[in-house]
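Asks: Sequence and predicted structure are below.
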Amino acid sequence: MISQTLLEVGQQPNGEPAQVPVITVEGAPGGPNVYLQANLHGAEIQGNAVLAAFLELCRAQRPKGTFTLVPMANPIGINQKSGEFTLGRFDPISGENWNRQYHFSNADLDAFCQAHLNSDETTIAAAFRERLRAQIAQRQASPWGLKTGQTMALRLQQLALEADIVLDLHTGPISDRHLYVPEYARARAHHFNIPLNILMPSDFGGALDEAHFSPWWQLSQRFAELGRTLEVLVDAFTLELGPQEHLDPAQAGRDALGIGRYLEVMGCWPEGTHQVEEEIQHACQLADYKALYSPCGGQIEYLAPLGQPVKAGVPVARIWHYERLGQDKPMFTEVSLPCDAIPVLHFASANVQEGTELYKFLTHTFAL
Ligand SMILES: [Zn+2]
């Protein structure tokens, strides 16, 4: 029921293939096709532990459906060490974010919807998926070649686009657990039991979750404009499961249970199979997910505990100016917020220049 193969996602200069493990869980018939990927960003290793814990859930009770698990999805990123740190968020050659290389074009969406206005849902889904396959194949066949990151992303995307559910496991820098939720899937997102949630619009920006929810969501929206109701047939989420450079198998076990509980609702297990202690869950719209940039250079004392609401005007960071030592000037600058907020993550270093993104906050929050 469980097997592993290797997927080639590129070739290194010495001729060695860049490979990622692909684990398939063949569950009982009648469930969805689920794709789970982790560690596309090299330092974000926690998702691998979550996939390991999730595989144990599959062993404990056979699910319905077919699951594809892809841990350590970026063999270049995970091996990109500099001193004691793993870099691995950006392609070191091009500087581009590895998670902005996926592909979707809605150029001929109108024509597709017109052609399928009276087709049944199964026919539409099959034809639309075939169209997505063709888009990727066409891009791969470019006579001008592809960038390293695109080559890798498109081979992963070819696997993922067969799925009804796509879960991309990441982490923040120094970060509380948070979830990117496409607005249409809001009602079922709380099952993941992740405390901080950001509601996403249907735009495509090149990330794996967007590459899967945007096409199907835009299809649904375009049909709605034409007077045809079609639900969004694919769910996709990015789960940010703590800080980078950090492994916490106990928390991974709890997050695997949250994924299990969400998948119960999607038909993979009987409801109630996976028990988790419910966490308080806050949410905001993507437009209200705010970055705070440092007004000056210096050394940072991060004051706001992650995940805890902070009031407007209360200092969230103290920026020390040790170059003033021995002078008659204030030694630090305090930074506060113009509105109430909940800190989600902060920069991994205490040493910053002016304009560094210090924190990200949920603002104008509501219960999920
Ligand atoms: Zn990431």
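Replies: Cool, the structure landed.
Asks: Let me know the helix or strand that residue 242 is in.
Replies: strand 235-243 (DSSP states H and E).
Asks: That strand and the ion in contact?
Replies: No - counting by C-beta under 5 Å from the ion, no contacts exist between strand 235-243 and the ion, the nearest distance being 7.1 Å. Any C-beta I mention is one placed from the backbone N, CA and C, and that applies to glycine too.
Asks: Adjacent strands (with direction) for that strand?
Replies: Using DSSP bridges, strand 235-243 pairs in its sheet with strand 165-172 (parallel), strand 178-182 (antiparallel).
Asks: I'd like the average pLDDT over it.
Replies: Regarding strand 235-243, the rounded mean pLDDT is 98.
Asks: hmm, back to that, could you dump the strands paired with strand 235-243 to TSV with mean pLDDT and mean neighbour count?
Replies: Rendered in TSV, the data for those read as follows (pLDDT from 0 to 100; neighbours: other C-beta atoms under 10 Å):
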stretch	mean pLDDT	mean neighbour count
strand 165-172	98	26
strand 178-182	98	25
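Asks: What's the nearest residue in the stretch 101-250 of the chain when you look at the ion?
Replies: Residue nearest to the ion within the stretch 101-250 of the chain: residue 170 (3.3 Å; C-beta to the ion).
Asks: ok, that residue - contacts?
Replies: Neighbour list for residue 170: 40, 41, 44, 47, 99, 238, 239, 240, 241 [criterion: C-beta atoms under 8 Å, 6 or more residues apart in numbering].
Asks: my read is residue 229 is in a helix, agree?
Replies: No - counting by DSSP: H, G, I helix; E, B strand; the rest coil, residue 229 is located in no helix; its state is coil.
Asks: doesn't residue 175 make contact with residue 195?
Replies: No - assessed by C-beta atoms under 8 Å, residue 195 is found out of contact with residue 175, at 11.4 Å.
Asks: which parts of stretch 209-224 are buried?
Replies: 209-220, 222-223 (16 or more other C-beta atoms under 10 Å).
Asks: Output these in CSV; the columns should cover distance to residue 58 and pLDDT.
Replies: Output for the buried residues of stretch 209-224, formatted as CSV (distance: C-beta to C-beta, whole Å; pLDDT from 0 to 100):
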residue, distance to residue 58, pLDDT
209, 22, 97
210, 27, 96
211, 25, 96
212, 21, 97
213, 24, 96
214, 29, 96
215, 28, 96
216, 25, 97
217, 28, 96
218, 32, 96
219, 30, 97
220, 30, 97
222, 36, 96
223, 35, 97
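Asks: List the residues that contact residue 230.
Replies: Applying C-beta under 8 Å, 6+ apart to residue 230 gives the contacts 121, 124, 219, 220, 223, 224.
Asks: Helix, strand, or coil at the last one?
Replies: Going back to what we said before, that points to residue 224. Residue 224 is classified as helix under three-state DSSP.
Asks: Now do the same for it: its pLDDT.
Replies: 97.
Asks: Report the contact partners of it.
Replies: residue 230.
Asks: Could you list the contact residues of the stretch 1-150 of the chain toward the ion?
Replies: 41, 44.
Asks: Now do the strands in the stretch 1-150 of the chain.
Replies: 2-11, 17-26, 28-38, 64-70, 81-82, 85-86 (DSSP state E, counting those that start in this stretch).
Asks: Show me what the first one is packed up against.
Replies: Secondary structure elements in contact with strand 2-11, counted by 3 or more C-beta pairs under 8 Å, 6 or more residues apart in numbering; DSSP states H and E, are strand 17-26, helix 46-60, helix 75-78, helix 148-160.
Asks: try 10 Å
Replies: If you count contacts as 3 or more C-beta pairs under 10 Å, 6 or more residues apart in numbering; DSSP states H and E, strand 2-11 packs onto strand 17-26, helix 46-60, strand 64-70, helix 75-78, helix 148-160.
Asks: Buried residues, the last one. List them.
Replies: Under the neighbour-count criterion of 16+ other C-beta under 10 Å, helix 148-160 has 148, 149, 150, 151, 152, 153, 154, 155, 156, 157, 159, 160 buried.
Asks: hang on, the earlier thing: make CSV from the helices and strands packed on strand 2-11 and add distance to residue 296 and mean pLDDT to it.
Replies: What follows is the helices and strands packed on strand 2-11, written out as CSV (distance: least, C-beta to C-beta, whole Å; pLDDT from 0 to 100):
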stretch, distance to residue 296, mean pLDDT
strand 17-26, 41, 98
helix 46-60, 33, 98
strand 64-70, 42, 98
helix 75-78, 32, 96
helix 148-160, 34, 98
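Asks: Nearest to residue 132, out of the ones you listed?
Replies: Between residue 132 and the helices and strands packed on strand 2-11, the shortest gap by C-beta to C-beta is with helix 148-160, which sits at 8.7 Å.
Asks: which one of the contacts of residue 230 is nearest residue 333?
Replies: Closest to residue 333, out of all of these and judged by C-beta to C-beta, is residue 220, at 48.2 Å.
Asks: Can you check what angle separates the helix or strand encompassing the closest one from helix 148-160?
Replies: Residue 220 is located in helix 208-225, with elements delineated by DSSP H and E. Here helix 208-225 runs at an angle of 60 degrees relative to helix 148-160 (axes from the mean of the first three to the mean of the last three C-alpha atoms, to 10 degrees).
Asks: then helix 208-225 to CSV, C-alphas only?
Replies: Extracted in CSV, the C-alpha atoms of helix 208-225 (Å, rounded to 0.1, in the frame of the first residue of the first chain):
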residue,chain,number,x,y,z
LEU,A,208,2.2,26.0,-5.5
ASP,A,209,-1.0,26.6,-3.6
GLU,A,210,-2.1,29.3,-6.0
ALA,A,211,-1.1,27.2,-9.0
HIS,A,212,-3.8,24.8,-7.9
PHE,A,213,-6.6,26.9,-6.3
SER,A,214,-6.4,29.8,-8.8
PRO,A,215,-7.2,27.8,-12.0
TRP,A,216,-10.1,26.0,-10.5
TRP,A,217,-11.4,29.1,-8.6
GLN,A,218,-11.1,31.3,-11.7
LEU,A,219,-12.9,28.6,-13.6
SER,A,220,-15.8,28.7,-11.1
GLN,A,221,-15.9,32.5,-11.1
ARG,A,222,-15.9,32.6,-15.0
PHE,A,223,-18.7,30.1,-15.1
ALA,A,224,-20.7,32.1,-12.5
GLU,A,225,-20.4,35.2,-14.8
